[in-house]
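> Sequence and predicted structure, then a few things I'm wondering about:
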Amino acid sequence: MDLDLPTEHQLLRDTIRDFMTSEVAPVVDQHERERRFPIEIVRRIGELGWLGIPIPEDEGGAGLDTLAYAVAIEEIGRVWGSLGLIVAAHTSLGCGPLHLVGSAEQKQRYLIPMASGEVIGAYGLTEPGAGSDSGGTRTIARLEEGPNGGTWVIDGGKRFITNAGHAGTYIVTAKTGLRDDGSPEISAFIVPADTPGFSVGRLEEKLGLHASATGELVFSGARIPAANLLGERGDGFRTFLRILDGGRISIGALAVGLAQAALDASIPYARTREQFGRPIGTFQGVAFMIADMATEIEAARQLVWRAAWLKDQGRDYGLAAAQAKLFASEVSSRATNAAIQVHGGYGYVTEYPVERFFRDAKLTEIGEGTSQIQRLVIARRILGLRVV
């Protein structure tokens, strides 16, 4: 069993790490303070091919695997959580559905520009009254007959959508009817940003990840061609479940990156900060926190990499992805909290970055399914019972 990263993955990791530390790190604080979406940097990483890492080359991507994608998100998140989330949402949730079920024509028109970094993508699933209960979707799409298959007319709204207002292409879910058993029929649609009747509502003021945009999508008689139905009618629910499985790997990787950033900041501080005439790292109270952080972070990283490897092998990775996302996100919260404790009073002020890591990490326990939802997924798979 070889647990070393393949050479090409190591090269990608080192290249992204160098770029993030030399070109991105100096501008993070200003963007976070101003709550400014990093348009220029996103454009630059698109040019470098990092907005479509796991997408095949003939679909506009880099043609690398899921493990490479997880490594990339960790390295980006290690420097800037907001940018890591922007890339993860674009790649997993924006490009992912098109790669999974898009037609050849849809991939040519929408996926290639997204995966090649020309257009940012977003995914509209969550609604004001439908979070973990995504089956409770209230947004409605109705088909109007007409030339070329007719027109879909969408009414409703989505909330907490990453990249809102900056995406050029949105993948959204809507109810298109009822099934024979009375359950909602959920379908997926491609909605270009300039669609008549579609607009972006308010942008959220968030606890953390201030440079990433999170906002409302508003559909008021939004009209799209029948050809913009993504996948088969009624398959939207099944598609989004598959997409969330893969998205959990990227959120797990982001969580590991934030946790590693907290450890990276804590080690030199514990070595150089003195109390009672000696470095605080010589006291067990601090040293043991560092030891726990390092151990849990490595365990979380291996869970994320294992889930990515299983996906790349074409094997069932749903359970592994849920476990990785659950553990990594909670490790991230513990590690960033410990980093503040190591820094003491300095950890609570914005002069040091650990307070930002702490705020940013919380999202990883919520996005792509809360920790409670992950435990449901894991328990159901292990027990074979309908745990509620």
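Nice, I can see it.

> Number of residues surrounding G156?
Number of residues near G156 (other Cβ atoms under 10 Å) recorded here: 21. All C-beta atoms are positioned from the backbone trio N, CA, C, and that covers glycine.

> Enumerate every residue touching Y317.
D245, I249, A307, A308, L310, K311 (Cβ atoms under 8 Å, 6 or more residues apart in numbering).

> cool, and G246?
Under the criterion of Cβ under 8 Å, 6+ apart, the neighbours of G246 are T66, S92, G96, K311, A321.

> T66 is in contact with the fourth one, correct?
Yes. In this structure, K311 sits in contact with T66. The criterion is Cβ atoms under 8 Å, and the distance is 4.6 Å.

> Find residues that contact each of these two.
Common neighbours of K311 and T66, using Cβ under 8 Å, 6+ apart, are G246, I249.

> before we move on, back to that, which member of the contacts of Y317 is positioned nearest H9?
Closest approach to H9 among those (Cβ to Cβ): A308, at 10.2 Å.

> list the helices and strands whatever helix or strand that closest one lives in packs on?
Using DSSP states H and E, A308 falls within helix 284-312. Packing partners of helix 284-312 (3 or more Cβ pairs under 8 Å, 6 or more residues apart in numbering; DSSP states H and E): helix 66-79, helix 236-272, helix 318-343.

> Out of these, indicate the one that is most buried.
Greatest average neighbour count among these goes to helix 66-79 (a mean of 27), per mean count of other Cβ atoms under 10 Å.

> Give the next helix or strand downstream of that one.
As assigned by DSSP H and E, the chain's next helix or strand after helix 66-79 is helix 81-88.

> and that following helix, which residues are buried?
By 16 or more other Cβ atoms under 10 Å, the buried positions in helix 81-88 come out as G81, S82, L83, G84, L85, I86, V87, A88.

> what angle sits between that helix and helix 318-343?
On the basis of axes from the mean of the first three to the mean of the last three Cα atoms, to 10 degrees, helix 81-88 is oriented at 170 degrees to helix 318-343.

> As a quick check, tell me the outermost residue of the chain.
G277 (44.2 Å; Cα atoms, centre = their mean).

> what residues are up against that one?
By Cβ under 8 Å, 6+ apart, G277 has no neighbours at all.

> again with P128
Applying Cβ under 8 Å, 6+ apart to P128 gives the contacts G157, R159.

> Could you measure from it over to E296?
In this view, P128 and E296 are 35 Å apart by Cβ to Cβ, to the nearest Å.
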